[in-house]
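Trainee: Okay, predicted coordinates and the sequence, questions at the end:
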Amino acid sequence: MSRGAPSQGVLYMVATPIGHLSDITLRALEILKACDYAACEDTRRTLKLFNHFGISKPLINLYGFKERAQSAKILRLLEDGKTVALVTDAGTPGLSDPGNLLAREARKAGIPVLPIPGVSAPAALASVSGLTSDGFIFLGFLHRKKSKIRKELESSARPGLPLIFFESPYRVVETLGIAQEVFGPDAECVAGREMTKKFEEYISGTVAEVLAKLSAREILGEFTILIQPPS
């Protein structure tokens with residue numbers, strides 16, 4: 001383990017690349033190579049990452065309906081003095097990804113939970129937007145129902161604080177249309193597509209301009225969206 005880190009009974013929340021594998025940190029690699037077990041969102045995605053860096057660890061799936069039962073299993077391992085590194089498919093565990101339940105229960109049990117920071121899609125988009133000097137509000141994935149999307153956007157808006165959220169290529173046009181109705185066509189918007197990957201792209205302008213550009217083309221790849229509500 002890294003200098004000064006506890007040698008056993010620790011849960012590490014390890015950030016992984018959101019696209020470009022070279023974005024992983026040296027400390028993340030160190031922890032992943034030294035841990036006893038790796039908990040993950042999708043074993044196939046994690047194996048791709050581990051194989052790329054020559055890492056071999058027992059994997060524990062922590063996805064969806066398995067999360068509660070598997071979290072209990074991981075807690076027993078931690079209580080037995082094992083070190084566990086939690087990774088998700090991309091980005092930082094617990095941010096619209098599995099990990100919150102496990103981290104909360106580990107803390108309740110007195111087990112150290114330590115972050116291994118790295119790539120975060122919201123922070124990455126904020127850094128290129130030029131609109132977040134006073135902070136931003138992160139919403140994760142919005143609800144799929146139109147009425148609830150509208151309520152989420154309306155209730156979350158604060159003057160001067162951009163909203164950042166994730167959206168799929170199948171719903172991004174519809175969601176931007178709702179955002180335009182809520183905030184008006186002139187609200188500033190930055191859309192990041194396939195961030196850090198081969199075909200990454202950033203589309204900026206008013207929400208009406210971004211919506212028009214996306215409506216006129218085939219849409220591929222996952223999006224991270226920033227919208228600046230009007231003052």
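Mentor: Perfect, thanks for sending it.

Trainee: I'd like the distance between the residue located most distally from the centre of the chain and residue 36.
Mentor: Centroid-distance maximum for the chain: residue 80 at 29.6 Å, with CA atoms, centre = their mean. To residue 36, residue 80 is 10 Å away according to CB to CB, to the nearest Å. Heads up, the C-betas are built off the backbone N, CA and C, glycines and all.

Trainee: for residue 190, same thing?
Mentor: Taken as CB to CB, the span from residue 190 to residue 36 is 41 Å.

Trainee: ditto for residue 61
Mentor: For residue 61, the distance to residue 36 - CB to CB - is 16 Å.

Trainee: And residue 200, by the same measure?
Mentor: Counting by CB to CB - residue 200 and residue 36 are separated by 35 Å.

Trainee: and what of residue 95?
Mentor: From residue 95 to residue 36 the distance is 25 Å (CB to CB).

Trainee: Residue 196 too?
Mentor: 30 Å.

Trainee: and the residue farthest from the centre of the chain, what is it in contact with?
Mentor: residue 9 (CB atoms under 8 Å, 6 or more residues apart in numbering).

Trainee: Between residue 190 and residue 36, tell me which one has more neighbours.
Mentor: Using other CB atoms under 10 Å as the criterion, residue 190 and residue 36 rank with residue 190 on top: 23 against 16.

Trainee: Residue 174: neighbour count?
Mentor: Residue 174: 14 neighbours (other CB under 10 Å).
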